[in-house]
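A.B. asks: Any chance you could fold what I've pasted below:
(one chain, ligands or ions: 2)
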Amino acid sequence: MPQFLLVTDLDNTLIGDNEATLNLIEHLLPHRDRFYLFYATGRNFDSVAHLLGFFQLLTHRPLLTPDYLIASVGTAIYHRSYPEPGWTKYIDRDWQRDKIAHLLHNFPGLIPQSDREQNPWKLSFYLSTKDDTITVSKIGELLSANQLACHITFSHRNTLDITPLHAHKGSAILWLQQQLGISHLPTLVCGDSGNDITMYQPPFYGVIVRNAQPELLQWYSQQQSDRILLSQYDYAAAILEALHYFALL
Ligand code: GLC
Ligand code: MG
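C.D. replies: Ligands and ions are numbered 1, 2, ... in the order given. Below is the predicted model of the structure:
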């Protein structure tokens, strides 16, 4: 019976230092039946498949197969290669994509990401303004003044994702835990950037990799929580540190 849940972001958390990832896999493999594993990423399904294939090509070892994949910053959940229709139905409430797209069309400093980064529940942009945090708050004010409920994610210093109010990594984890009846299991979440912030919710344990992005470090500096570890290690080595630190492994 699984005794805990491990949720990790991919880019610059689980992946980024192949030696560290392989070392983590070696520690986890003998215990694979002791934990559920979710990957939670900004990438879409095809892009995750590409990343996993590339990892195997370089290292001659596969990554661990997750029980679930939370993709596209929480707007899609997959079990193996099958999307979870219940999740899509859940996040679709009160979502007015066309109105939001129309309102933000030509907003100064917002550059749409490529078509393959967009989906019916995700509008993604790059920011190119002098002060991106001010732009992000202006966008938030504009959307709420127009009663357009949504969740805004600022990551990697210059990307912006607009998704339905409950479509983010944190809420996707809670939904899956409920579906699987595993809400009581100790949970460790691992990340490096702004789109990981929603995962660090109580009562979860969390680890922030040392190589984290400034927006996540800044958020962390405003928290007072002994549930969240700011690791002394980069990438996957931080995950291993946290598994020991929180006595999960
Ligand atoms: C991934 C997605 C991109 C998103 C970014 C931040 O890179 O491909 O669309 O903006 O994560 O969440
Ligand atoms: Mg990342």
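A.B. asks: which parts of stretch 13-22 are buried?
C.D. replies: 13-17, 20-21 (16 or more other Cβ atoms under 10 Å). In this view, the C-beta of every residue, glycine as well, is placed from N, C-alpha and C.
A.B. asks: would you list every one of the strands in the protein?
C.D. replies: All strands of the chain, identified by DSSP state E, fall at 4-8, 35-40, 68-71, 76-79, 82-83, 110-112, 123-127, 151-155, 159-163, 187-191, 205-208, 228-230.
A.B. asks: mind putting those strands in CSV, mean pLDDT and mean neighbour count included?
C.D. replies: Below are the strands of the chain laid out as CSV (pLDDT from 0 to 100; neighbours: other Cβ atoms under 10 Å):
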stretch, mean pLDDT, mean neighbour count
strand 4-8, 99, 25
strand 35-40, 98, 23
strand 68-71, 98, 26
strand 76-79, 98, 20
strand 82-83, 97, 11
strand 110-112, 95, 14
strand 123-127, 97, 19
strand 151-155, 97, 21
strand 159-163, 97, 24
strand 187-191, 99, 27
strand 205-208, 98, 26
strand 228-230, 98, 17
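A.B. asks: Nearest to ligand 2, out of those strands?
C.D. replies: Smallest distance to ligand 2 across those (Cβ to the ion): 6.2 Å, for strand 187-191.
A.B. asks: how much distance is there from that closest one to the middle of the chain?
C.D. replies: Its chain's C-alpha centre and that of strand 187-191 lie 10 Å apart, by Cα atoms, centre = their mean, to the nearest Å.
A.B. asks: picking up where we left off before, and the strands of the chain as CSV, adding distance to ligand 2?
C.D. replies: CSV is the format used below for the strands of the chain (distance: least, Cβ to the ion, whole Å):
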stretch, distance to ligand 2
strand 4-8, 9
strand 35-40, 9
strand 68-71, 13
strand 76-79, 17
strand 82-83, 22
strand 110-112, 21
strand 123-127, 15
strand 151-155, 8
strand 159-163, 11
strand 187-191, 6
strand 205-208, 11
strand 228-230, 16
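A.B. asks: Take these and lay them out in TSV including distance to residue 100.
C.D. replies: Formatted as TSV, the strands of the chain follow (distance: least, Cβ to Cβ, whole Å):
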stretch	distance to residue 100
strand 4-8	28
strand 35-40	23
strand 68-71	21
strand 76-79	18
strand 82-83	22
strand 110-112	12
strand 123-127	6
strand 151-155	10
strand 159-163	6
strand 187-191	25
strand 205-208	30
strand 228-230	31
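A.B. asks: what's the domain layout of the chain?
C.D. replies: Domain assignment for the chain, taken from automatic domain parsing, gives 4-90+167-245, 94-163.
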